[in-house]
Structure formats: C-alpha cells, structure tokens
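> Based on what follows, work out the 3D shape:
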Amino acid sequence: MFEILHTKYLFSSFFPEKKMKRMIVDERELQNWRLLKINEVCLIPEDTVGCQQYKPEITIFRDLLSKFDFLVKNIFFYDESKSFHKILEMKANKKNLDTEDEDLVQNILKSAKNIWDELCNKMKTGYISIYEIEKYRFNIFSDEELYKELVAMNRGGKEDWIKERITQLQRFRMFTKTVTVAKLFLDVNKRYNFDGSFRNLEIIANSVSAIVFLIC
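Got it, this is the predicted structure:
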C-alpha cells in the first residue's frame, strides 16, 4: 500500500499543475483504506482454503496497479532518482500534456522508464558518455547526492561499482575545472598577448567539446 501512496504523490510532483481526475485514485480512499472490509480490499474465493495456500488477490486500486504496474514496483527508486525526474521532465515538455489522457501519460512514463533503465545500465557498466553525464547533471551532484542517485539506479543495491563510479566522476569534475581555468587563461592571453607557446592549454581548453570517450 505504501507503493500506492508513493505513486500518487510522485504523480503529483511530476505534474503539479495538471488535473489527473481519472488516473489518480480518490484521496479519501487513500486515507481510509485501512477501514475497508477485507472483501473490499481482496478477492475472497468461494472455496475456502487453508491460510498457507491462500494467495490474496488485491482488488483495491486495481486500475492504477494494472496500468502503471511497471512504475509502481520500483516507485521508491524512481522517486529518489534525480536523473529519472529529469528524463520525465524532458519527455513531458515535448508534448502538450493532457493528464486526462491516461494512454498519453502511460506512454510518457514508459518511455521515461525505458530511457532511465538504459541509463542505469550505462552507469553500472561505465559505458556512459561525457555528453550524457552533463545532460543528466551527474557532474554537478555532490558526492552524497551522487551516492544516493547511484543506489537508486541500482534498485537499492550498494555494490562496489558505485564507489568506483563516484571516484571517476570526482576526477571528471576536477578535469572540467582544469578546462575552465585553461579557457580563462587563454582568454586573458588574447587580451594581453603574452609571449610563449600555449599549445597544451589550447588542447585542454578544447578537450571537452571534442571528447566523447567513456568513463570506464
């Protein structure tokens, strides 16, 4: 049931100014579901079986679960992930989103999930480009934010590759600062025309725009 509540609040945060009357379950039902009778929450079979054999079939919120099951199961991780929020924001902004249209919202969410799943795999394997690192803003995360993000991308698992990826991204941040300083120095040089060769600085300054290598 916590997944249902999380899904409802997550939808509200994704689409704060939109009306989602048909898709989101009634607020009173969310608050009062514990007061419902058991047969209003679960399907009770006509033939009574032992407790160990009985597998409850949840009927409450059935529409939400059936249409958005692909999202509900990992809703906590989607909620925690800033990159997923960024992907969904980008997908939703490409359309004149009518949240009364369940199919449209469902397609946007599925598309965002697929992109995020692919991004998670790239981050885990290390086959992620600098363009993607900057596009989804991993380069501006603090180490604490980055750790939280990577744990969410790993569906809660705290594996060794997470620390390795954080170290690599720390080095990338240091490199981008070096590039910024090199560009600043070259800009000053243009103004005052210093003597000497600045070829190495030029290589550093132009490296980010030319680099498409992977962090692995």
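> Give me the below-cutoff pLDDT ranges for the protein.
1-66, 94-104, 208-216 (pLDDT under 70).
> so after the strand or helix carrying A182, what's the next helix or strand?
Using DSSP states H and E, A182 falls within helix 160-192. The helix or strand immediately downstream of helix 160-192 is helix 199-205, counting by DSSP H and E.
> Which strands and helices lie in contact with that following helix?
Helices and strands touching helix 199-205, by 3 or more C-beta pairs under 8 Å, 6 or more residues apart in numbering; DSSP states H and E, are helix 160-192. To be clear about C-beta, it is placed using only N, CA and C from the backbone, and glycine gets the same treatment.
> Of all the residues in the helix it packs on, which ones are buried?
I162, R165, I166, L169, F172, R173, F175, T176, V179, A182, K183, L186 (16 or more other C-beta atoms under 10 Å).
> how about the fourth one, what does it touch?
Read that as L169. I133, F138, N139, F141, L146, I215 (C-beta atoms under 8 Å, 6 or more residues apart in numbering).
> Now, the residues you listed that are in helices?
Members of the contacts of L169 lying in helices (criterion: DSSP state H): I133, L146.
> Mind putting the contacts of L169 into CSV with neighbour count?
Converted to CSV, the contacts of L169 look like this (neighbours: other C-beta atoms under 10 Å):
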residue, neighbour count
I133, 21
F138, 25
N139, 15
F141, 20
L146, 20
I215, 19
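> of the contacts of L169, closest to G126?
For those, the residue nearest G126 by C-beta to C-beta is I215; the value is 5.5 Å.
> Tell me how many other residues crowd A112.
22 (other C-beta atoms under 10 Å).
> I meant I130, not that one.
20.
> do the same with W116
23.
> ok, it to R171 distance?
25 Å (C-beta to C-beta, to the nearest Å).
> K135 now?
Taken as C-beta to C-beta, the span from K135 to R171 is 19 Å.
> again with S83
For S83 relative to R171 (C-beta to C-beta), the value is 20 Å.
> How about K190?
K190 is 29 Å from R171, by C-beta to C-beta.
> what angle do the helix or strand hosting I115 and helix 160-192 make?
Using DSSP H and E, I115 sits in helix 102-125. Comparing the axes of helix 102-125 and helix 160-192 via axes from the mean of the first three to the mean of the last three C-alpha atoms, to 10 degrees yields an angle of 90 degrees.
> Now helix 102-125 - C-alpha only, PDB.
Output of helix 102-125 as PDB, limited to C-alpha atoms (Å, rounded to 0.1, in the frame of the first residue of the first chain):
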ATOM      1  CA  GLU A 102      -4.300   8.100 -19.400                       C
ATOM      2  CA  ASP A 103      -2.700   6.500 -22.500                       C
ATOM      3  CA  LEU A 104      -0.600   9.500 -23.200                       C
ATOM      4  CA  VAL A 105       0.600   9.700 -19.600                       C
ATOM      5  CA  GLN A 106       1.300   6.000 -19.600                       C
ATOM      6  CA  ASN A 107       3.300   6.200 -22.800                       C
ATOM      7  CA  ILE A 108       5.400   9.100 -21.400                       C
ATOM      8  CA  LEU A 109       6.100   7.300 -18.200                       C
ATOM      9  CA  LYS A 110       7.000   4.100 -20.100                       C
ATOM     10  CA  SER A 111       9.300   6.000 -22.400                       C
ATOM     11  CA  ALA A 112      11.000   7.700 -19.500                       C
ATOM     12  CA  LYS A 113      11.400   4.400 -17.700                       C
ATOM     13  CA  ASN A 114      13.000   2.800 -20.700                       C
ATOM     14  CA  ILE A 115      15.400   5.600 -21.200                       C
ATOM     15  CA  TRP A 116      16.300   5.600 -17.400                       C
ATOM     16  CA  ASP A 117      16.800   1.800 -17.400                       C
ATOM     17  CA  GLU A 118      19.200   2.200 -20.300                       C
ATOM     18  CA  LEU A 119      21.000   5.000 -18.500                       C
ATOM     19  CA  CYS A 120      21.200   2.900 -15.300                       C
ATOM     20  CA  ASN A 121      22.900   0.100 -17.300                       C
ATOM     21  CA  LYS A 122      25.300   2.500 -18.900                       C
ATOM     22  CA  MET A 123      26.200   3.900 -15.500                       C
ATOM     23  CA  LYS A 124      26.700   0.500 -14.000                       C
ATOM     24  CA  THR A 125      28.900  -0.800 -16.800                       C
END
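> Thank you, goodbye.
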